[in-house]
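Enquirer: Any chance you could fold what I've pasted below:
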Amino acid sequence: MSIELTPRQLKLVEQVLRDRFSSNTRKVNKTLLLLVDNGIGQSNGKTITYSDSDYEALHQLIQSNQRADNFVTPSELARAEDRLETAQYSRNEKYNRTHVFGKRIQAVALNTTLTLTHNGVTEVMPATPRGVLPSIESGCIDATEIKRLIIIENGQLMTHWHRWYHLLPKSWQQSVLMFRGFDDNVAMVYEIVKSLPVTTQLGLFFDLDLSGLRLMQSYINRSQCLNRPGIVGDSIF
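Expert: The predicted structure is shown next:
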């Protein structure tokens, strides 16, 4: 589906998805009627009702319109001064479809280390401090040294990892957390998964909805566990 949304419209679509478990209806407005005209949602004049397939379509719509905003990155990265990096791709940086960090992987060394190799030089990244989200160039992560890897679908959970990691089973509180990301990020993360040693344990933290379950299929044959020690937002833990 090819519908170009403004930043304000994109925020509204994100809100509809966040509210899907509390209500499957929304009051009519111009943006949502535009989506109805494109086959997303059913309008009865005053409200719009959404089905599971509609939510799936909204999720895909967000992915196709995704920009460097709070949905992907910490709020600091959405401020004007940080859009200078985006401007190199497009004169209108707010509407640029290339992610500022599209060629990088967001990974946290949770109470462990992460081995990095660049131009033949190997370095060991120490445990990530609370409140920090490292962004690593593609190809630098040495997957052969990872003992436990947790792939996370939800960007907000990734940026706030220090607030929920204690919900993990003790054995998983020494892991590498990695954001699945979008577009190029997905392929890069999948290449890392394919390079993991057979002894590496792989955990999946994906949203508990049809889209999340579908996305997990790419990894399910390789994963050794899918843990549920608690719930934050709409995601599985």
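
Enquirer: Measure how far stretch 36-54 is from the centre of its chain, please.
Expert: Centroid separation for stretch 36-54 versus its chain: 25 Å, with CA atoms, centre = their mean, to the nearest Å.

Enquirer: what comes up buried for it?
Expert: For stretch 36-54, a neighbour-count test (16 or more other CB atoms under 10 Å) marks 40, 41, 48, 50, 54 as buried. C-beta: built from backbone N, CA, C; applies to glycine.

Enquirer: before we move on, what about stretch 158-173?
Expert: 158, 159, 160, 161, 164, 165, 168, 172.

Enquirer: Need the distance between the two termini of that stretch.
Expert: 15 Å (CA to CA, to the nearest Å).

Enquirer: From the chain's centroid, how far away is it?
Expert: How far stretch 158-173 lies from its chain's middle: 16 Å, per CA atoms, centre = their mean.

Enquirer: Same check on stretch 26-40?
Expert: That offset, for stretch 26-40, works out to 25 Å (CA atoms, centre = their mean).

Enquirer: Let's see it as PDB, backbone CA atoms only.
Expert: Only the C-alpha atoms of stretch 26-40 are listed here, as PDB (Å, rounded to 0.1, in the frame of the first residue of the first chain):
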ATOM      1  CA  ARG A  26     -12.200   5.500  16.700                       C
ATOM      2  CA  LYS A  27     -14.100   8.800  16.000                       C
ATOM      3  CA  VAL A  28     -14.200   9.800  12.400                       C
ATOM      4  CA  ASN A  29     -11.700  12.400  11.200                       C
ATOM      5  CA  LYS A  30     -10.200  13.400   7.900                       C
ATOM      6  CA  THR A  31      -7.100  11.200   8.200                       C
ATOM      7  CA  LEU A  32      -8.900   8.100   9.200                       C
ATOM      8  CA  LEU A  33     -11.500   8.600   6.500                       C
ATOM      9  CA  LEU A  34      -8.600   8.800   4.000                       C
ATOM     10  CA  LEU A  35      -7.600   5.400   5.200                       C
ATOM     11  CA  VAL A  36     -11.100   4.100   4.900                       C
ATOM     12  CA  ASP A  37     -11.200   5.300   1.300                       C
ATOM     13  CA  ASN A  38      -8.100   3.100   0.800                       C
ATOM     14  CA  GLY A  39      -9.700   0.000   2.400                       C
ATOM     15  CA  ILE A  40      -8.500   0.400   6.000                       C
END
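
Enquirer: now the longest helix belonging to the chain: mean pLDDT?
Expert: Longest helix in the chain, counting residues (DSSP state H): helix 52-65. For helix 52-65, the mean pLDDT works out to 84.

Enquirer: can you check stretch 212-227 too?
Expert: What stretch 212-227 shows for mean pLDDT is 64.

Enquirer: from the chain's centre, how far out does the lengthiest strand in the chain sit?
Expert: Using DSSP state E, we find that the single longest strand of the chain is strand 104-110. The chain centroid and the centroid of strand 104-110 are separated by 12 Å under CA atoms, centre = their mean.

Enquirer: Strand 104-110 and the helix or strand that comes right after it, what's the angle between them?
Expert: Sequence order places strand 114-118 as the next helix or strand after strand 104-110, per DSSP states H and E. Per axes from the mean of the first three to the mean of the last three CA atoms, to 10 degrees, the angle that strand 114-118 makes with strand 104-110 is 150 degrees.

Enquirer: Residues contacting strand 114-118, please?
Expert: 107, 122-125, 136-137, 140-142, 145-146, 176 (CB atoms under 8 Å, 6 or more residues apart in numbering).

Enquirer: Poorly predicted segments of the protein, please.
Expert: Within the chain, the ranges that satisfy pLDDT under 70 run 1-2, 66-102, 220-237.

Enquirer: let's see it at 80
Expert: 1-2, 63-103, 182-183, 207-237 (pLDDT under 80).
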